[in-house]
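> My questions are about this predicted structure, shown below with the sequence.
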Amino acid sequence: MADTAITVEGARKRYGEKKALDGLDLHVSRGTVHGVLGPNGAGKTTLVRILSTLVRPDAGRIGVAGHDVVTEAREVRFRIGLLGQHAALDEELDGRQNLEMFGRLYHLGARHARVRADELLSRFGLADTGRKPVRTYSGGMRRRLDLAASLITDPEVLFLDEPTTGLDPRGRAEVWASVRSLVGGGTTVLLTTQYLEEADQLADRVSVVDRGRVVADGTPEELKSRLGGDRIDVVVRDAGRLDAVAALMRAGSAGVSADVSANVLADVSVDADRRLLSAPVTDRMAALARVVRALEEAGIEAEDVALRRPTLDEVFLHLTDRDDRTKEAAA
Amino acid sequence: MTAYVLSDCWTMTRRELAHWARQPVRLLVGLVFPVMILLMFGYLIGGGRGVPGDYVDYLVPGIFALTMAFGLEGTMIAVTQDLNKGVVDRFRSMPMADGAVLVGRSAADMLQSAIGLAVLLAVAAALGWRAHGSAGGFLGAVGLLLLFRFAMLWIGIHLALVAGKPETVQAVQILVWPVGFLSNAFAASESMPGWLGAVVQWNPMSHTATAVRDLFGGPGGEPGHVWAAVAWPLALLAVFFPLAVRRFARLSR
Ligand SMILES: Nc1ncnc2c1ncn2[C@@H]1O[C@H](COP(=O)(O)OP(=O)(O)OP(=O)(O)O)[C@@H](O)[C@H]1O
Ligand SMILES: [Mg+2]
């Protein structure tokens, strides 16, 4: 228990008929980054709002930093930082006024609150924003100030709800760097995102959430390998030959039929725009050798033939795509 | 613990004051409206029904009370707008005292009302109105008016928390007028038909207006009403203050 920073067991929350959370379970170890991945409406924000004591769950046992979010909300609030999906700042005040105000509300005392505000402003590159009200800030500046506000007390547990949505690549890299340095300092981070790259970059473990439940979890590597391991990609020069290559890949070759499983690429998908054919493989080297040989024999020019692991994107789509799942259920 | 409650309330009051500093015009607009009402009813429409003595002496305290009642609407709008701001989420995720956000709002609104009342008194004096009572009576009258405003303020906060949507704000904006006018602010209740007179006498605002008239030493005052003018606002506060604080703590939970 002592090494678990966040415990969620059977969390439920409904809004009218809509089940925002439908029996969600989650455990996050202290000092780790946990990614929560899910499509729009999966329940990510609802989860974060329950964890940060803003919303009361209908059912479930939910603990943060060793305290119950319903019965010990105040204890929890002393130990968390929240970066919500939307900016939680006073738009009419400037950055320093905002941070000082929050510092006072954390009872740092007037002088300490001022010092802390200055520290955070310079750390997040906002020291020269002067008296401009937050209303006039760019999206990136606002996000950085919001993040600074959530770090005023060096929280034990930090919640980041889509921290980089709407940021340009530079802004994103800055937020990522901040998160990494925080984790170095022992903070536990729960971060929701729709960017799989973000989870891959930052998270030690990932929970894929769909319709208010966790549909898969593990390390990013585990999730990738769970989707049938490696794939072979072939990019052809001439789009007209796509079908011919697909046929070659599927056909298997009479000469090596002894090892059917390695050679038959049954599930070839074709992406005409990118002139790309892709198929899952079990025996990597045999499949590669056979595809290269078959292309050579047929005299078809390939731009690229490569083995690769599935991207987290594919895992995500596979796990949350509705059509896909009903198809599987039917099979 | 208590020290934190006070410091949180003070921090939230400072926030409202910082907003004023950013947008002084908003404060000014709030001060102009009651002056307009005073000018309109005192000098354009004139002559109330069944009013003993000089009408301006009768009317001015009534307008003071009416202005305090209309404050309800201003508070409700401000709280409704505030609740739709993202920053409330941050406040609620922090270990601050439950009612501090609301207390900050009420402190700022009270300060604005006190300034507004001072402006009204100055304008009324410039127009020839005089308080005839003692200095103590004058302060007592101002105190009763602000107490009434304080009660209206917490009703406004509670309404905003219970039904804070732009549509409901509009409904309250419209309803405030008949409630304000179903009082003896403009005309004596004795001059009204029986049932209407009864409603008007019962209206807490009428008690405040009558008590204030008495303390200012003008026409239409009756001494017995001071107690009602203290008791009514206190009773309203005893109901709406805890309701509002509780409601805020449970907001969207
Ligand atoms: N306050 C609310 N009232 C009514 N329905 C709500 C409320 N909050 C969330 N929902 C519903 O609950 C479901 C989950 O919403 P939630 O905001 O948690 O999803 P999300 O994963 O954060 O989505 P997004 O990626 O779009 O931010 C959605 O269907 C949403 O419409
Ligand atoms: Mg969301």
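In hand now; what should we look at? Ligands and ions are numbered 1, 2, ... in the order given.
> use CA for all of it now, contacts and neighbours both
Fine.
> And the residue nearest to residue A:236 when sequence neighbours are not counted, how close does it get to ligand 1?
In space, residue A:236 comes closest to residue A:302 once its chain neighbours are excluded; the distance is 4.3 Å by Cα to Cα, 6 or more residues apart in numbering or on different chains. Counting by Cα to the nearest ligand atom, to the nearest Å, the gap between residue A:302 and ligand 1 amounts to 39 Å.
> again with residue B:161
When residue B:161 is compared with ligand 1 (using Cα to the nearest ligand atom), they lie 15 Å apart.
> So for that residue, what's the pLDDT?
The predicted local distance difference test score for residue B:161 is 90.
> again with residue A:308
Residue A:308 is assigned a predicted lDDT (pLDDT) of 82.
> for residue A:247, same thing?
We have a pLDDT of 85 for residue A:247.
> same check, this time on the one 10 residues further on
Residue A:257 is assigned a pLDDT of 43 by the prediction.
> same thing with the one 10 residues further on?
pLDDT recorded at residue A:267 is 77.
> The closest residue to it other than its chain neighbours - how many residues pack around it?
Nearest residue to residue A:267, sequence neighbours excluded (Cα to Cα, 6+ apart): residue A:279, at 5.7 Å. When neighbours are defined as other Cα atoms under 10 Å in any protein chain shown, residue A:279 has 20 of them.
> Residue A:279 belongs to a strand, doesn't it?
Yes. Assessed with DSSP: H, G, I helix; E, B strand; the rest coil, residue A:279 lies in a strand.
> Give me the pLDDT value at the residue in the stretch 101-250 of chain B that chain A sits nearest to.
Distance from chain A to each residue of the stretch 101-250 of chain B (Cα to the nearest Cα) is smallest for residue B:250, at 8.6 Å. pLDDT, residue B:250: 79.
> for residue 66, phi and psi?
Just so you know, I chose chain A. Summarising the backbone geometry of residue A:66 under the convention degrees, to the nearest 10, its torsions are phi 80, psi 10.
> In this structure it contacts residue A:5, no?
Yes. The pair residue A:66 and residue A:5 passes the contact test of Cα atoms under 8 Å, sitting 6.8 Å apart.
> With adjacent residues omitted, what lies nearest to residue B:222?
The spatially closest residue to residue B:222, leaving aside those adjacent along the chain, is residue B:214, at 5.5 Å (Cα to Cα, 6+ apart).
> For the one you found, pull up the helix or strand it's in.
Assigning secondary structure by DSSP states H and E places residue B:214 in helix B:204-215.
> Let's test this: mean pLDDT of that helix, rounded?
Taken as a whole, helix B:204-215 has a mean pLDDT of 84.
> Please state the offset of the next helix or strand after it from the chain centre?
Helices and strands here follow DSSP H and E; after helix B:204-215, the next one along the chain is helix B:225-250. How far helix B:225-250 lies from its chain's middle: 13 Å, per Cα atoms, centre = their mean, to the nearest Å.
> cool, and stretch A:40-50?
On Cα atoms, centre = their mean, the centre of stretch A:40-50 falls 13 Å from that of its chain.
> Going by neighbour count, list what's buried in it.
Judged by neighbour count (16 or more other Cα atoms under 10 Å in any protein chain shown), stretch A:40-50 contains these buried residues: A:42-50.
> So which bits of chain A are right by ligand 1?
Residues of chain A lying close to ligand 1 by Cα under 6 Å from any ligand atom are A:15, A:20, A:39-46.
> all helices of the chain, in order?
The chain I'm using is chain A. With DSSP state H as the criterion, chain A has helices at A:44-51, A:73-79, A:95-105, A:110-123, A:139-150, A:169-184, A:196-202, A:220-226, A:242-251, A:260-263, A:284-298, A:312-320, A:322-330.
> that's the other chain; I wanted chain B
Listed in chain order (using DSSP H), the helices of chain B are B:2-22, B:24-39, B:55-83, B:87-92, B:100-126, B:135-163, B:166-181, B:194-202, B:204-215, B:225-250.
> ok, the residue nearest to residue A:267 touching residue A:271?
No. Residue A:279 sits out of contact with residue A:271 when judged by Cα under 8 Å, with a separation of 11.4 Å.
> List the neighbours of stretch B:4-23 that are in contact with it.
Residues lying outside stretch B:4-23 but in contact with it, judged by Cα atoms under 8 Å, 6 or more residues apart in numbering or on different chains, are A:92-93, A:101, A:104-105, A:107, B:26-27, B:96-97, B:99-101, B:103-105, B:107-108.
> Quick check on those residues: which are buried?
Buried residues within the contacts of stretch B:4-23, counting neighbours by 16+ other Cα under 10 Å: A:92-93, A:101, A:104-105, A:107, B:96-97, B:99-101, B:103-105, B:107-108.
> ok, those residues vs ligand 1, which is closest?
Checking the buried ones among the contacts of stretch B:4-23 against ligand 1 with Cα to the nearest ligand atom, the nearest one is residue B:101 at 21.4 Å.
> In the stretch 201-331 of chain A, which residue sits nearest chain B?
In the stretch 201-331 of chain A, no residue comes nearer to chain B than residue A:212, which is 17.8 Å away by Cα to the nearest Cα.
> Counting neighbours, what do you get for that residue?
Residue A:212 has 25 neighbouring residues, counting by other Cα under 10 Å.
> Leaving out sequence neighbours, find the closest residue to it.
The spatially closest residue to residue A:212, leaving aside those adjacent along the chain, is residue A:21, at 3.8 Å (Cα to Cα, 6+ apart).
> what's across from the one you found in the sheet?
Note on residue A:21: beta-bridge partners by DSSP bridges are residue A:13.
> Check the burial of it by counting its neighbours.
Burial of residue A:21 is recorded as 27 neighbouring residues (other Cα under 10 Å).
> go on, the one 3 residues further on?
Around residue A:24 there are 22 other residues, counting by other Cα under 10 Å.
> ok, now residue A:80?
Once other Cα under 10 Å is used to define contacts, residue A:80 is seen to have 27 neighbours.
> and if you look at residue B:156?
As a measure of burial, residue B:156 has 30 neighbours, counting by other Cα under 10 Å.
> same check, this time on residue B:126
When neighbours are defined as other Cα under 10 Å, residue B:126 has 10 of them.
> quick revisit: with respect to residue A:190, which of the helices of chain B lies nearest?
Across the helices of chain B, residue A:190 has its closest neighbour in helix B:87-92 (17.0 Å, Cα to Cα).
> Can you give the contact residues for the closest one?
Surrounding helix B:87-92, the residues in contact under the criterion Cα under 8 Å, 6+ apart are A:53-54, A:82, A:87-90, B:82, B:101, B:249.
> same thing but at 7 Å, please
By Cα atoms under 7 Å, 6 or more residues apart in numbering or on different chains, the list of residues contacting helix B:87-92 from outside reads A:54, A:88-90.
> Any chance of CSV for those, columns distance to residue B:220, neighbour count and pLDDT?
As requested, these are exported to CSV (distance: Cα to Cα, whole Å; neighbours: other Cα atoms under 10 Å in any protein chain shown; pLDDT from 0 to 100):
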residue, distance to residue B:220, neighbour count, pLDDT
A:54, 52, 24, 93
A:88, 52, 23, 94
A:89, 50, 26, 96
A:90, 47, 23, 95
